[in-house]
Every structure is written in structure tokens, then in C-alpha cells.
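*Asks:* Give me a 3D structure for the following:
(2 chains)
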Amino acid sequence: MNATVAAQMTSADLLKLRRKRGIMIWSFVLALGPLLIFFLANALEHKSPEYRDGLRALSLLFGPLVAILIGVEAGTGDASAGVFRDLVVTGRPRLALFASRVPAALAVCWSVIGGAYLLLVLGIFVLALGAPTPDAALLVNGLGFALLASGVMCVIAVGFASLTTSKPGAIIALIAWQIVASPVLANISSLGRTRDIVLSQAIAHFSPVHVEGGRGATVAMSQGTAVLVLVAWMAVFLALGAWRTSRMDT
Amino acid sequence: MPTPADDPATSDPQASALAIETRGLTKRFGERTAVDSVDLRVPRGSAFGFLGPNGAGKTTMIRMLLGLTHSSAGSATLLGRPVPSQRAQALQGVGAIVEEPRFHPQLTGRENLRIVAAVRGPEARERIDPALARVSLSERADEKVKKYSLGMRQRLGVARCLLADPQLLILDEPTNGLDPGGIQEFRFMIREMVEQEGRTVFISSHLLDEVEKICDAAAIVDRGKVITQGTIADLAAGGTGAHPELILGVDHPELALSTLSSSALVLEAHRSPEGLRVVLAGEPETTSQINAALVHAGVGVLRLEPVRHSLEQRFLEVTARLDAPETAPTPTPTPESEEVQA
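*Replies:* As a prediction, this is how the structure comes out:
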């Protein structure tokens, strides 16, 4: 398969996602809605909004939700529409069909998260009320962190959804893991170093702002360990998704 | 199981005269055998019907041919290439609809074709407009597929097949959901593809009439087995070498029967609800000699009519044999059923 075909396949997957109106609306609602509420709540209290709080909400809570929605749709869209077999009978390898989902999902996910981040920065500066604002380096690092956190979750969601081939099942399982199970596990200190493998902890390790207690970097780990954990999560779920895609009867 | 190397057709795929060939192709789901040792030979440049009742194993057979599911035993070639070992190359020349055509409902017809064209390769993209025009969907191509009728989706499915500029089209129940006008249009399109463009069209269907009107040849399948295959005319007549039959209306049936039974031109004669049924020993041209013999014997011939067999009759005959209890007398096998079931 040459680069032209790969680019066309990714572009086709991008088209499928962009035209999935429900997913796109919910993604924007989940990415922008909480930020608007955050700004509104601060305005009502006559406070300037904290960049740190906004970044944390976007990167560690609502961004991953958006990533899950988009990643799961990318992973299950062809199968749930019943067109996967029509793509398979073109003779194109199933692994190539699977692989094109990942960049397309990332492109859509990062567009939404990028837009939300822009809103965050605008809100912080417009509503600063004389309070200190983040410098350029922090803004760049914050953008990188938001994209990293959502990107990792999006890749995992593509792999996991391709493995389960069930859209509701994959969404529920991933949200339950990320929002409910992960914080609980991170707070069970008796688990010791085992907690290093909790994905949200590894992601929070790269936060450019201090994340204190609760949801965030409860577990201290080295940079190398954090990178390894993220790579392992993505590799495992991509491998499982690819394996299922290449084997399933259609 | 034969390997690709055993198959002379695979040495030069283009040289193979067969678009589809299977040998002992079998699919088992646990204890149940869905496709049972099928030997199928589909010549290039023909419309071939794969005819059988619902649940006969037609779709499973197609899914194996296309590599959507693995076979339990046997081998198959598509356009001279063994599948699944050279599946990707073989499928470059194949367009297929498996079961009902499905699409992304949120996309337009044209966008759905773009999706498949992207997977097929750059030249397929150039075929989108001609394919839409070919199935008369150009004017509705920019509407979302969720607004399409089933008939329009069937046509869009055919357009999707044409993106490959296929030498072989495999269509599973293609006229489902089409109105009579649509079915006629579809028949015309298939015949045009075969006769003018030299494509091979493999149609699976449970509709006898459809296969009889569209196809040059067919295989009748039931309970996973190919019962018989051949040209439509041969199948309807009961196979190659089958004897022509006549229905006679006469004024003296007993005298006619005794005259006919002593004639070397007649294999068998008996009464039937329509009149006397006569199986000829030779060609249909001997009918005039039989008529003369009857008149000479003093029998008044009121009616003399060749029996026209339909594929439907033949289909019901062969599938009824399978329904017969084990203890029932075994009917005389026709030459082609012996050949196919061997």
C-alpha cells in the first residue's frame, strides 16, 4: 500500500467521523460546555478563572470523554454500519483498514480539543480581571498536555472499540475505567507500585501545572515509567484491536 | 486438499477459462455442515445463477469465496487465483454485494462510493461518476443514503461493485426490494455487462424466475450441496441428453398407447391428466413420424404439444428428492446429478 492510498483511506475515515453529527455535537458539548460553565461560575463569584483548573478539567476529565466518544466511533463505525465486509472484499488487508482509523480519530479529536483549549485561553485572558495570566511557555506546554491526554485516550478507545465491536459497551467500559475505577485504584495506597499502571496517573505525570490530590497525579512515578505506561497501554489495545479486526467474521 | 500448485489454472490466472472454481469446498459450524463439498465451475463471460431456497448455504458459499470466512475444507479459485492465498490480487478484479448492500447512512451516495474508492486505489475514484450514471443514480448521488429506498441502495451497491471495473461480479440476492420496473432494468444491466462488456456475473438467488431470465447457466443448491449444474436449457430439460417429451390428445387412447409402445421412436408412453405423455427415444424432429404412425393406425390426433420444462419444475424435482424419506425408492439419477454429487 503506497502513501497516496494510505492518505486517501485516512481521509475517508475522517469524512465518516466528521459527518457523524451526533458524535460531533456531543464532543463539542463535552469539550466546550464545562469550560463555559467554569467561566460563568467564576464570573458570578467575581473571580478570575484559574488556568490550572480549566486545563485540568479539559485534559483529565472532559477531554478524555471526548476522546472516548470519537475513538469508539472510529473503531466501530464500519462494523456497526455493516460496511466493513464491503471494505474487506476490496482485497485491502484488514490491518490497513484498521490502521487508517487511528490518524483519522486523532485528527478529529485534536480538532475538538484544540478548539476547546483556544476557548480556555481566551477566557482566561478576557476574564483575568487584573490577575496574573499564564506565560507563552506554559500555554504551549498546556496545549501539548491537553493533546497528549486526549490523544492517548483516543488511540486506546480505537483499539478497545475495534476489539469489542460494541459501541455502547466500549463507551461504558472506558468511561467507567477512566472516570470511576482509575481514581479509586490510585487512592488505594496498599496497592503500592502497582498503581503506576493506572493510565490517568501516567498521563497526569506530564501536566505542566501542579495537580494536587484527588483526580490527578496521586501516584508519583518517574518520567520514564510514565512514558512506558502510556506506550504500553496504547500498544496493547492497538494490538488487540488489530488482532480482532484481522480475524473477525464479517 | 489440492494446493494452488496442483491447480493448472493458477499458473496463468488470465488463461483460466473459469471465473470461479471450487473443489470440495466445505464449511462447518460445529456439528452443522452449511456448505458440503461443493464443486462449482463458473465459466468466464457468463451470467451464472446460484439457485437455492433460503438457508441452502448460498451466502456462506459467497462469504468463503470472498475470504469473509474461512472454509473448513476444499479449495477455490477466483479469476484463476487461489483464495485465500492470493485473495488480495483476486479481489482486485471482483465486485461483490454480500446479503443486502449496507452503507454509512449519514453520508451521501457519492461519499459512500468515495469511501470504497479510497480503499480500492486512485483509479477507482475516477470511476465514481460513470458508475453512478450506469445505475441511474447521478441525480440523487448527493442525497444522504438514509433517504434512499431499498431499490436505490441496491443500485448504489452495484455502483460500488463497478468501482473495481470488475471482471467478476458476485451479487447475493440482488433483486431483493426492487419493484418490477427495477427488476427489468436490473436484468437488462446484467445482460449488458455480460454480452457487451464480457464480465462474469455470479448471482445467488432463491427466485427461479429471476435466474431463468437473467442467467446462461446455473447451479441448484440445497442443504449445502450442489444438486446439479449446467446451462439453463439443460437444467430445465432435465440435463444434457434428456429425452424430449410430448403431450398427446387422441380419440382412442388405448389404441394410441399400444401403437406407441410398439414404436422404436418412443421410450415410454402413459396416461397423464393432460393427455398421453410420451417420452421420445430420439430428437424432437421424430414427432412428425409419431403423428404419422398414429394416423396410420387409425388414431385421431386432436392435440400434439411438446412439453416445455421450466427451471421451476426442475428445481422442485431435485429438491423434492432430498425431502423423500430414506426408505423411499431412489429415483433414477440424471447424468449431471451423478457427475456433480460424485
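
*Asks:* what bits of the stretch 1-150 of chain B have low per-residue confidence?
*Replies:* B:1-15 (pLDDT under 70).

*Asks:* Up against chain A, what does it have?
*Replies:* For the stretch 1-150 of chain B, the residues in contact with chain A (Cβ under 8 Å from any Cβ of the partner chain) are B:63, B:66-69, B:87-92, B:94, B:96-98, B:101-107, B:111-112, B:114-122, B:125. To be clear about C-beta, it is placed using only N, CA and C from the backbone, and glycine gets the same treatment.

*Asks:* of all the residues in chain A, which ones are close to chain B?
*Replies:* Near chain B, when you scan chain A using Cβ under 8 Å from any Cβ, you find A:4-5, A:8-9, A:11-12, A:15-16, A:19-21, A:77, A:81-83, A:85-93, A:97, A:249-250.

*Asks:* Drop anything exposed from the residues of the stretch 1-150 of chain B next to chain A.
*Replies:* Neighbour counting over the residues of the stretch 1-150 of chain B next to chain A (16 or more other Cβ atoms under 10 Å in any protein chain shown) leaves B:63, B:66-69, B:87, B:89-92, B:94, B:96-98, B:101-104, B:106-107, B:111-112, B:114-121, B:125 as the buried ones.

*Asks:* Which members of those occur in strands, if any?
*Replies:* Within these, residues falling in strands by DSSP state E are B:Val94, B:Ala96, B:Ile97.

*Asks:* Mind jotting down where the helices sit in chain B?
*Replies:* Remark: helices assigned in chain B by DSSP state H are B:58-65, B:87-91, B:109-120, B:122-125, B:128-134, B:150-162, B:180-195, B:208-214, B:232-237, B:253-261, B:287-296, B:311-323, B:335-341.

*Asks:* For the residue in the stretch 201-342 of chain B that chain A sits nearest to, the count of nearby residues, please.
*Replies:* In the stretch 201-342 of chain B, the residue found nearest to chain A is B:Phe202; the distance is 13.0 Å by Cβ to the nearest Cβ. Applying other Cβ atoms under 10 Å in any protein chain shown, we find 26 residues neighbouring B:Phe202.

*Asks:* what's the pLDDT at it?
*Replies:* Looking at B:Phe202, its pLDDT reads 96.

*Asks:* quick one: B:Asp251 and B:Val279, what's the gap?
*Replies:* Distance, B:Asp251 to B:Val279, using Cβ to Cβ, to the nearest Å: 22 Å.

*Asks:* Neighbour count for the two, which is higher?
*Replies:* Neighbour count, other Cβ under 10 Å: between B:Asp251 and B:Val279, B:Val279 has more, with 16 against 11.

*Asks:* wouldn't the more buried one be in contact with B:Glu245 here?
*Replies:* Yes: between B:Val279 and B:Glu245 there is a contact under Cβ atoms under 8 Å: 5.3 Å.

*Asks:* hey, what's the residue nearest to B:Thr231 when sequence neighbours are not counted bridged with?
*Replies:* Leaving aside its sequence neighbours, B:Thr231 sits nearest to B:Ala217 (Cβ to Cβ, 6 or more residues apart in numbering or on different chains; 4.8 Å). Taking DSSP bridges as the rule, B:Ala217 bridges to B:Phe48, B:Thr231.

*Asks:* A:Val158 versus A:Pro168, what's the distance?
*Replies:* According to Cβ to Cβ, A:Pro168 and A:Val158 sit 16 Å apart.

*Asks:* what about the two, which has more around it?
*Replies:* Neighbour tally, A:Pro168 and A:Val158, criterion other Cβ under 10 Å: the higher count belongs to A:Val158, 32 against 10.

*Asks:* Report the contact partners of the residue of the stretch 151-300 of chain B found nearest chain A.
*Replies:* The minimum distance from the stretch 151-300 of chain B to chain A, using Cβ to the nearest Cβ, falls at B:Arg160 (6.7 Å). Contact analysis of B:Arg160 by Cβ atoms under 8 Å, 6 or more residues apart in numbering or on different chains lists A:Asp86, B:Gly95, B:Ile97, B:Pro101, B:Asn112, B:Leu113, B:Val116, B:Ala131.

*Asks:* can you do 6 Å?
*Replies:* Contact analysis of B:Arg160 by Cβ atoms under 6 Å, 6 or more residues apart in numbering or on different chains lists B:Val116.

*Asks:* cool, and the one 4 residues further on?
*Replies:* Shown in contact with B:Ala164 (Cβ under 6 Å, 6+ apart): B:Gly95, B:Arg120.

*Asks:* Against which helices or strands is the longest helix along chain A packed?
*Replies:* For chain A, the longest helix by residue count, based on DSSP H, is helix A:136-164. Helices and strands touching helix A:136-164, as assessed by 3 or more Cβ pairs under 6 Å, 6 or more residues apart in numbering or on different chains; DSSP states H and E, comprise helix A:63-81, helix A:101-126, helix A:167-175, helix A:223-247.

*Asks:* for the third one, which positions count as buried?
*Replies:* Neighbour-count burial for helix A:167-175 flags A:Lys167, A:Ala170, A:Ile171, A:Ala173, A:Leu174, A:Ile175 (criterion: 16+ other Cβ under 10 Å).

*Asks:* same deal with the longest one?
*Replies:* If you call a residue buried by 16+ other Cβ under 10 Å, then helix A:101-126 has these buried ones: A:101-113, A:116-117, A:119-121, A:123-124.

*Asks:* and it, what's its mean pLDDT?
*Replies:* 97.

*Asks:* Phi, psi for B:Val135 please.
*Replies:* phi -100, psi 20 (degrees, to the nearest 10).

*Asks:* Nearest residue to it in space, please, no chain neighbours.
*Replies:* Distance criterion Cβ to Cβ, 6+ apart; nearest residue to B:Val135, sequence neighbours excluded, is B:Arg155 at 4.0 Å.

*Asks:* Wait, the one you found touches B:Ala133, no?
*Replies:* No: look at B:Arg155 against B:Ala133 with Cβ atoms under 6 Å: they stay out of range, at 11.3 Å.

*Asks:* neighbour count winner among these two?
*Replies:* A direct count of neighbours by other Cβ under 10 Å for B:Arg155 and B:Ala133 places B:Arg155 higher, at 26 against 13.

*Asks:* confidence score at that one?
*Replies:* Note on B:Arg155: pLDDT of 90.

*Asks:* The residue in the stretch 101-250 of chain B that chain A sits nearest to and B:Ala124, how far apart?
*Replies:* Closest to chain A within the stretch 101-250 of chain B is B:Arg102: 3.3 Å, counting by Cβ to the nearest Cβ. Separation of B:Arg102 from B:Ala124 (Cβ to Cβ) stands at 19 Å.
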